[in-house]
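>>> Using only what follows, build the 3D model:
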Amino acid sequence: MPIDTCVEKVDIFLCAKSLPKIPLLSETDAFAVVYMKDNQTGNLNQVGLTPVIKDTPNPVWSSAITLDYLFEITQEVTIRVYHYHDKVPLNDLTKHTFLGESVFQLASLVTKRDKKLTPSLMRGKEKGTLEIRAEAQTNTRDLFVVSFRGYKLANKDGFFGTSDPFLTIARLNEDNSYTVVWKSTKIDNSLNPIWSPVKIPMSSLCNGDMYRPLKIEIFDWDKSGKHQSMGVVETSVNAMLTSNEANMEVIEPDKKAKNKKYTNSGHLSAKSVSIEHRPTFTDFITGGCEISMIAAIDFTGSNGDPDMPNSLHYMSPTGAFNPYQSTLSSVGRILDNYDTDKMYPVYGFGAKVRKPDGSLSECQHCFPIYGGGLEVHGVDGILQAYKDCVTAVYFSGPTLFGPLIHAATALAAGANCNQEKQKYTILLIITDGMINDLEATKAAIIEASAQPMSIIIVGVGSADFSGMEALDSDKQLLTAGGKTAQRDVVQFVAHAGLEFSVLAQRVLAEVPDQVLNYMELHHIKPNKIEA
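Numbers count the residues shown, from 1 in each chain. Now for the predicted structure:
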C-alpha cells in the first residue's frame, strides 16, 4: 500500500562555554534563541527558545529544539545567546543583553560523523563557543499496523438491506477539535466486517504520540455521499497496542443520551496491532551514507549560439548565471554537503568535440567536458569546466539520453553500495528540449532502477517538455519492452525562471524517498557510527 511521505525531524541540543561576564554581575544567566532563515525573504524565523540557565559561563541546556530537516533545501540556522534580565518577559529580546551568535547549515551538522559542531559565538569578535549536537528523531517514518474487525454493528439500511461500513480515524487537536487523518475501504453488506491489514504513518495518525486520543467512527456508505454514522470508538494507539485484541464498544452518542438502558451498537476490535519501525533518511545520512552527483549538460544546437545573448548557454559579462549555471550551482551546493571527496563526474552530450589533429568528431552523446579527466573538484570546479567547454565544442545533435544513463548506471553500480559502504548517486541531466531516443531512454531508466541512483532532469528554455513527464513515473512504475522498473527513480522539473532555492527544492524533493526505497528493497540498514 502507498505510504505517506513523512517530514523528518532533528533534535538539536546546545551548550556554551566561556560566555562573557556582564559588568557588575557575578555570572551570566544565559538562554539561547534558534532561528531558521527563510530562503525566499531572507528573514529569520524563530523556531526554538531554551530555558534560562543561571549563574554560569558554561550553560548546558537539556531541552531539545526540534527542527524539520529537509534534504532538498539549504537550511541556514542562526543561534543567538542572551543574558537574561529578571522581571522581563523571556521573548522580549530587546530587553535582554545580546552576547553573540553562530550561523551554520543544518546539513553540515547532520552529515558530521559525530553529529556535533563547535562554532565560535560571535559579536564582532569571539564571545565564547557553542557546542551543537544533533539527534535524528527515530519515529517519523514508523507505521501503525492493524487489522480492524467489526461485530454485530447496527444496521442502517432498513429491514431489507445491510449496511456497507467503512472507518475513519480522527485525532485530537490542541483546541479539542478532531481532524480525520485516515479512511478505510468500505465492506459491502456486512455487519461483521473484516478489513484488510493496513499501515498508517504514525506521524499523520498521532504525530508520534501513542497516548493521543483518537476517534474511530464507523459509517454506512451511501453513493450520494450522505454517509450515516454507525457509532464511534474512543481509543489511542497505546490502548490498541495493549488491548490484546479485546472488543471495543461502538457507541452512538445520540442513542446513549436518549436511552439510559442503551449499552452499545456493536463492537470493534484491533487485531495484529504493531508498530513497524522504519529508518529515516536522516538515519542513513548520520550513519555515513554518501550522496554523490554526476552532472550532464546539453550542448545541442537548439540551445543557440553561446555568443548570442538569447542563447541558453550565453555567459553574461555581468556575471549573471544562465539557466545551466544556476541549475548546476543551486543543486550542486546542496548535494556538496553529502559528498565526502567532492569529486564529480561531468558529461556533455549533443556536441562535436575537437580531436587531437584539430578536426571535429562525429556528434558525441556522452563525453567528459573536462580535459584533465572525468571528474572535477567541487561545485566551482563544475562551473569552471562548463564555462571552458562551452567555447571548445561545436553544438550539434540529436538529443540522446540513453548513453548518459548507461554511463551513470555503470558508475553507480561500480560504487558497490552495501551495508558497510553506503553510497547513492544522483544523475543530474540539464537539457533544453525533447529527447530523440525515448524508447532507449526508457529501457536505460528501467536498468538504472536496480542500482543505487536517481535521475533528475531539469528542462531549461521554452521548449515543449510534455514528453519528459512520461519518464517521471510518480503514478505507476515505468514500463517498456516488456520490462518494468523496480522503483521510481526519475524526477523532471522545468527550470522556467525559478529562483535558486525553489529550483533546488523541487529538483531534490523526491530523493530522500528514492534513497529509502532502494535501501529497503536491498535490506540495507543505517550504520551506527560512534562519536
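
>>> tell me which element Leu404 is part of?
Assigned by DSSP states H and E, Leu404 belongs to helix 402-414.

>>> Quick check: buried residues in that helix?
Buried residues in helix 402-414, counting neighbours by 16 or more other C-beta atoms under 10 Å, are found at 402-405, 407-409, 411-413. C-beta: built from backbone N, CA, C; applies to glycine.

>>> Same question for stretch 421-433.
For stretch 421-433, burial by neighbour count (16+ other C-beta under 10 Å) applies to 422-433.

>>> top strand in this protein by residue count?
In the chain, taking DSSP state E as the definition, the longest strand is strand 125-136.

>>> Packing partners of the helix or strand of the chain with the lowest mean pLDDT?
Within the chain, confidence by mean pLDDT, DSSP states H and E is lowest for helix 500-508 among all helices and strands, at a mean of 75. For helix 500-508, the elements it packs on are helix 323-335, strand 453-459, strand 490-494, judged by 3 or more C-beta pairs under 8 Å, 6 or more residues apart in numbering; DSSP states H and E.

>>> tell me the angle the helix or strand that that helix is followed by makes with strand 490-494.
Helices and strands here follow DSSP H and E; after helix 500-508, the next one along the chain is helix 511-521. Interaxial angle, helix 511-521 versus strand 490-494 (axes from the mean of the first three to the mean of the last three C-alpha atoms, to 10 degrees): 170 degrees.

>>> contacts for the longest strand of the chain?
By C-beta atoms under 8 Å, 6 or more residues apart in numbering, the surrounding residues in contact with strand 125-136 are 8-20, 57, 64, 69, 79, 81, 99-100, 102, 104, 109-110, 112, 115-121, 280, 282-283, 286.

>>> so of these, which ones are in helices?
Members of the contacts of strand 125-136 lying in helices (criterion: DSSP state H): 109-110, 282-283, 286.

>>> these two touch, right, Ala480 and Asp437?
No. In this structure, Ala480 is not within contact of Asp437 by C-beta atoms under 8 Å, at 11.8 Å.

>>> before we move on, back to that, report the buried members of the contacts of strand 125-136.
For those, a burial check counting by 16+ other C-beta under 10 Å picks out 8-10, 12-16, 19-20, 64, 69, 79, 81, 99-100, 102, 104, 109-110, 112, 115, 117, 119, 121, 280, 282-283, 286.

>>> In strands, which of those residues appear?
Using DSSP E, the members of the buried ones among the contacts of strand 125-136 that fall within strands are 8-10, 12-16, 64, 69, 79, 81, 99-100, 102, 104, 117, 121.

>>> so is the residue of the chain most remote from its centre in a helix, a strand, or just coil?
Distance from the centre of the chain peaks at Lys261, with 52.8 Å (C-alpha atoms, centre = their mean). Judged by DSSP: H, G, I helix; E, B strand; the rest coil, the three-state class of Lys261 is coil.

>>> One more: the one 4 residues further on?
With three-state DSSP as the basis, Ser265 sits in coil.

>>> hang on, it packs against Glu252?
Yes. The pair formed by Ser265 and Glu252 meets the contact definition of C-beta under 8 Å, at 4.9 Å.

>>> what do these two both touch?
Listed as contacting both Ser265 and Glu252 by C-beta under 8 Å, 6+ apart are 154, 230-231.

>>> Who are the contact partners of Phe299?
Counted by C-beta under 8 Å, 6+ apart, Phe299 has contacts 313, 348-351, 389-390, 393, 395-396.

>>> Okay, it and Ala392: tell me how far apart.
The gap separating Phe299 from Ala392 is 10 Å, by C-beta to C-beta, to the nearest Å.

>>> State the helix or strand in which Gly48 lies.
strand 44-49.

>>> Going by neighbour count, list what's buried in that strand.
Applying a neighbour-count criterion of 16+ other C-beta under 10 Å, one finds 44, 47-48 buried in strand 44-49.

>>> Near Tyr35, how many other residues are there?
18 (other C-beta atoms under 10 Å).

>>> beta partners of it?
Taking DSSP bridges as the rule, Tyr35 bridges to Gln46, Thr78.

>>> My guess is it contacts Gln75. True?
No. Applying C-beta under 8 Å, one finds Tyr35 not in contact with Gln75, separated by 11.1 Å.

>>> if we can go back for a sec, which of the buried residues of helix 402-414 sits closest to Ala448?
Using C-beta to C-beta, Thr409 is the member of the buried residues of helix 402-414 that sits closest to Ala448, with 4.5 Å.

>>> about what we covered before: out of the buried residues of stretch 421-433, who's nearest Ser236?
Of all the buried residues of stretch 421-433, Ser236 sits closest to Gln422, with 36.5 Å by C-beta to C-beta.

>>> need the contact list for the residue nearest to His267 when sequence neighbours are not counted.
Take His267 and drop its neighbours on the chain: the residue closest to it by C-beta to C-beta, 6 or more residues apart in numbering is Asn247, 3.8 Å away. Residues near Asn247 by C-beta under 8 Å, 6+ apart: 151, 267-269.
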